[in-house]
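**Q** missing the sequence, but the structure's below:
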(Lines give C-alpha, C1' and ligand atoms only; values in the text may rest on other atoms or scores of the structure.)
Protein backbone atom coordinates (compact mmCIF):
# COMPACT_ATOMS: atom_id res chain seq x y z
CA UNK A 1 0.00 0.00 0.00
CA UNK A 2 2.86 2.31 0.88
CA UNK A 3 4.40 1.78 -2.59
CA UNK A 4 1.00 2.41 -4.25
CA UNK A 5 0.75 5.83 -2.61
CA UNK A 6 4.33 6.57 -3.61
CA UNK A 7 3.63 5.63 -7.26
CA UNK A 8 0.35 7.54 -7.19
CA UNK A 9 2.22 10.64 -5.98
CA UNK A 10 4.80 10.29 -8.75
CA UNK A 11 2.02 9.84 -11.32
CA UNK A 12 0.25 13.00 -10.14
CA UNK A 13 3.51 14.98 -10.25
CA UNK A 14 4.29 13.59 -13.71
CA UNK A 15 0.83 14.55 -15.04
CA UNK A 16 1.14 18.04 -13.54
CA UNK A 17 4.55 18.46 -15.18
CA UNK A 18 3.13 17.39 -18.56
CA UNK A 19 0.18 19.78 -18.19
CA UNK A 20 2.47 22.69 -17.31
CA UNK A 21 4.70 21.83 -20.26
CA UNK A 22 1.71 21.70 -22.66
CA UNK A 23 0.32 25.01 -21.35
CA UNK A 24 3.76 26.56 -21.70
CA UNK A 25 4.05 25.40 -25.33
CA UNK A 26 0.54 26.60 -26.13
CA UNK A 27 1.29 30.01 -24.65
CA UNK A 28 4.55 30.21 -26.61
CA UNK A 29 2.67 29.35 -29.82
CA UNK A 30 0.16 32.18 -29.16
CA UNK A 31 2.97 34.62 -28.46
CA UNK A 32 4.85 33.50 -31.58
CA UNK A 33 1.73 34.03 -33.72
CA UNK A 34 1.32 37.54 -32.36
CA UNK A 35 4.99 38.27 -33.04
CA UNK A 36 4.62 36.82 -36.53
CA UNK A 37 1.56 38.99 -37.18
CA UNK A 38 3.54 42.07 -36.16
CA UNK A 39 6.44 40.98 -38.39
CA UNK A 40 4.07 40.46 -41.32
CA UNK A 41 2.33 43.81 -40.75
CA UNK A 42 5.74 45.51 -40.73
CA UNK A 43 6.73 43.63 -43.90
CA UNK A 44 3.54 44.73 -45.68
CA UNK A 45 4.07 48.36 -44.60
CA UNK A 46 7.70 48.25 -45.76
CA UNK A 47 6.61 46.58 -49.01
CA UNK A 48 4.24 49.49 -49.72
CA UNK A 49 6.87 52.06 -48.74
CA UNK A 50 9.40 50.45 -51.10
CA UNK A 51 6.95 50.88 -53.99
CA UNK A 52 6.21 54.49 -53.00
CA UNK A 53 9.97 55.21 -52.96
CA UNK A 54 10.37 53.32 -56.26
CA UNK A 55 12.95 51.02 -54.64
CA UNK A 56 12.78 48.20 -57.18
CA UNK A 57 15.18 45.78 -55.47
CA UNK A 58 13.70 46.19 -52.01
CA UNK A 59 10.13 45.88 -53.29
CA UNK A 60 10.76 42.67 -55.22
CA UNK A 61 12.86 41.19 -52.43
CA UNK A 62 9.62 40.76 -50.45
CA UNK A 63 8.37 38.28 -53.05
CA UNK A 64 9.29 34.59 -53.06
CA UNK A 65 10.99 33.44 -56.26
CA UNK A 66 7.86 31.56 -57.38
CA UNK A 67 5.44 34.36 -56.41
CA UNK A 68 2.43 35.36 -58.47
CA UNK A 69 1.02 38.90 -58.71
CA UNK A 70 -2.56 39.44 -59.84
CA UNK A 71 -3.55 43.02 -60.66
CA UNK A 72 -6.80 44.91 -61.05
CA UNK A 73 -7.07 44.22 -64.79
CA UNK A 74 -8.33 40.74 -65.71
CA UNK A 75 -5.26 40.22 -67.90
CA UNK A 76 -2.78 40.96 -65.10
CA UNK A 77 -1.48 37.67 -63.73
CA UNK A 78 2.29 37.51 -63.62
CA UNK A 79 4.99 35.36 -62.13
CA UNK A 80 7.68 37.35 -60.32
CA UNK A 81 9.94 37.75 -63.36
CA UNK A 82 7.11 38.93 -65.64
CA UNK A 83 5.86 41.35 -62.98
CA UNK A 84 9.38 42.71 -62.55
CA UNK A 85 9.59 43.27 -66.31
CA UNK A 86 6.22 45.05 -66.30
CA UNK A 87 7.02 47.21 -63.25
CA UNK A 88 10.63 48.15 -64.07
CA UNK A 89 9.79 51.17 -66.27
CA UNK A 90 7.59 52.63 -63.51
CA UNK A 91 10.29 52.16 -60.89
CA UNK A 92 12.94 53.56 -63.27
CA UNK A 93 10.91 56.78 -63.59
CA UNK A 94 11.14 57.11 -59.81
CA UNK A 95 7.40 56.76 -59.31
CA UNK A 96 5.75 53.38 -58.88
CA UNK A 97 2.61 53.35 -56.73
CA UNK A 98 1.79 54.64 -53.30
CA UNK A 99 -0.49 52.40 -51.23
CA UNK A 100 -1.23 52.85 -47.52
CA UNK A 101 -3.09 50.26 -45.48
CA UNK A 102 -6.20 51.63 -43.79
CA UNK A 103 -7.51 48.29 -42.48
CA UNK A 104 -5.72 44.95 -42.28
CA UNK A 105 -6.38 41.37 -41.17
CA UNK A 106 -3.59 38.78 -40.85
CA UNK A 107 -4.05 35.06 -40.23
CA UNK A 108 -1.50 32.31 -39.58
CA UNK A 109 -2.07 28.58 -39.97
CA UNK A 110 -1.52 26.09 -37.15
CA UNK A 111 1.98 25.19 -38.39
CA UNK A 112 3.12 28.81 -38.14
CA UNK A 113 4.58 28.60 -41.66
CA UNK A 114 1.73 29.91 -43.83
CA UNK A 115 -0.03 33.25 -43.43
CA UNK A 116 -2.65 35.11 -45.42
CA UNK A 117 -3.98 38.61 -45.24
CA UNK A 118 -6.48 41.02 -46.64
CA UNK A 119 -6.31 44.76 -46.35
CA UNK A 120 -7.99 47.88 -47.58
CA UNK A 121 -5.56 50.31 -49.18
CA UNK A 122 -5.70 54.03 -49.84
CA UNK A 123 -4.36 54.35 -53.40
CA UNK A 124 -4.42 56.65 -56.43
CA UNK A 125 -7.39 54.47 -57.52
CA UNK A 126 -9.10 55.30 -54.21
CA UNK A 127 -9.84 52.23 -52.05
CA UNK A 128 -8.37 48.96 -53.28
CA UNK A 129 -8.10 45.59 -51.59
CA UNK A 130 -4.78 43.83 -51.29
CA UNK A 131 -4.77 40.18 -50.30
CA UNK A 132 -2.22 37.46 -50.40
CA UNK A 133 -0.38 34.48 -49.02
CA UNK A 134 3.01 34.45 -47.33
CA UNK A 135 5.24 31.56 -46.33
CA UNK A 136 8.05 31.41 -43.84
CA UNK A 137 11.53 31.04 -45.32
CA UNK A 138 13.90 30.61 -42.41
CA UNK A 139 13.27 33.56 -40.09
CA UNK A 140 11.64 35.66 -42.80
CA UNK A 141 8.27 35.79 -44.50
CA UNK A 142 7.96 35.96 -48.29
CA UNK A 143 4.96 36.90 -50.38
CA UNK A 144 3.89 33.93 -52.52
CA UNK A 145 0.74 35.46 -53.94
CA UNK A 146 -0.47 39.05 -54.01
CA UNK A 147 -3.84 40.09 -55.38
CA UNK A 148 -4.77 43.73 -55.92
CA UNK A 149 -8.47 44.37 -56.46
CA UNK A 150 -10.34 47.58 -57.09
CA UNK A 151 -13.34 47.93 -54.82
CA UNK A 152 -16.69 49.06 -56.20
CA UNK A 153 -19.42 50.42 -53.93
CA UNK A 154 -22.61 48.38 -54.32
CA UNK A 155 -24.74 51.42 -55.21
CA UNK A 156 -22.68 52.07 -58.40
CA UNK A 157 -21.84 48.51 -59.48
CA UNK A 158 -24.36 48.64 -62.34
CA UNK A 159 -22.70 51.77 -63.74
CA UNK A 160 -19.21 50.29 -63.43
CA UNK A 161 -20.37 47.02 -65.01
CA UNK A 162 -21.79 48.92 -67.98
CA UNK A 163 -18.51 50.85 -68.39
CA UNK A 164 -16.36 47.73 -68.48
CA UNK A 165 -18.69 45.32 -70.27
CA UNK A 166 -17.46 45.77 -73.86
CA UNK A 167 -13.81 45.25 -72.98
CA UNK A 168 -14.37 42.39 -70.55
CA UNK A 169 -16.85 40.61 -72.82
CA UNK A 170 -13.94 40.16 -75.25
CA UNK A 171 -11.83 38.61 -72.50
CA UNK A 172 -14.68 36.35 -71.41
CA UNK A 173 -15.16 35.09 -74.97
CA UNK A 174 -11.43 34.56 -75.44
CA UNK A 175 -10.85 32.63 -72.21
CA UNK A 176 -14.09 30.66 -72.24
CA UNK A 177 -13.54 29.62 -75.86
CA UNK A 178 -16.82 31.15 -77.06
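**A** The structure has been received and is ready for your questions. Not measured: the values here are computed from a predicted model. Residues are numbered from 1 along each chain as shown.
**Q** and residue 10, what pLDDT?
**A** Residue 10 is assigned a predicted lDDT (pLDDT) of 51.
**Q** quick check: residue 90 touching residue 54?
**A** Yes - Residue 90 is within contact range of residue 54, at 7.4 Å (criterion: Cβ atoms under 8 Å). For glycine as for every other residue, the C-beta is placed from the backbone atoms N, C-alpha and C.
**Q** give me the neighbour count for the residue nearest to residue 137 when sequence neighbours are not counted.
**A** Distances taken as Cβ to Cβ, 6 or more residues apart in numbering place residue 64 nearest to residue 137, at 7.0 Å, with adjacent residues excluded. Per other Cβ atoms under 10 Å, the neighbour tally for residue 64 reads 16.
**Q** secondary structure element for residue 64?
**A** Taking DSSP states H and E as the criterion, residue 64 maps to strand 63-70.
**Q** list the buried ones in that strand?
**A** Buried positions in strand 63-70, judged by neighbour count with 16 or more other Cβ atoms under 10 Å: 63-64, 67-70.
**Q** residue 90 and residue 54: which has the busier surroundings?
**A** For residue 90 versus residue 54, neighbours defined as other Cβ under 10 Å are more numerous around residue 54 (18 against 14).
**Q** and that one, how far is that from residue 129?
**A** 23 Å (Cβ to Cβ, to the nearest Å).
**Q** so where is this protein shaky, pLDDT-wise?
**A** Flagging of the chain using pLDDT under 70 yields the residue ranges 1-31.
**Q** could you redo the last one with a cut-off of 90?
**A** For the chain, applying pLDDT under 90 flags the ranges 1-31, 95, 177-178.
**Q** over to the residue nearest the centre of it: give its phi and psi.
**A** With distances taken as Cα atoms, centre = their mean, residue 132 lies nearest the centre of the chain, 3.5 Å away. Per-residue torsions, residue 132: phi -180, psi -180 (degrees, to the nearest 10).
**Q** find the nearest non-adjacent residue to it, please.
**A** Spatially, and ignoring its direct neighbours in sequence, residue 132 is nearest to residue 146 (4.2 Å; Cβ to Cβ, 6+ apart).
**Q** repeat that for residue 178.
**A** residue 172 (7.7 Å).
**Q** got a list of contacts for the host helix or strand of the one you found?
**A** Using DSSP H and E, residue 172 falls within helix 157-176. Contacts with helix 157-176, where a contact means Cβ atoms under 8 Å, 6 or more residues apart in numbering, come from 74-75, 152, 178.
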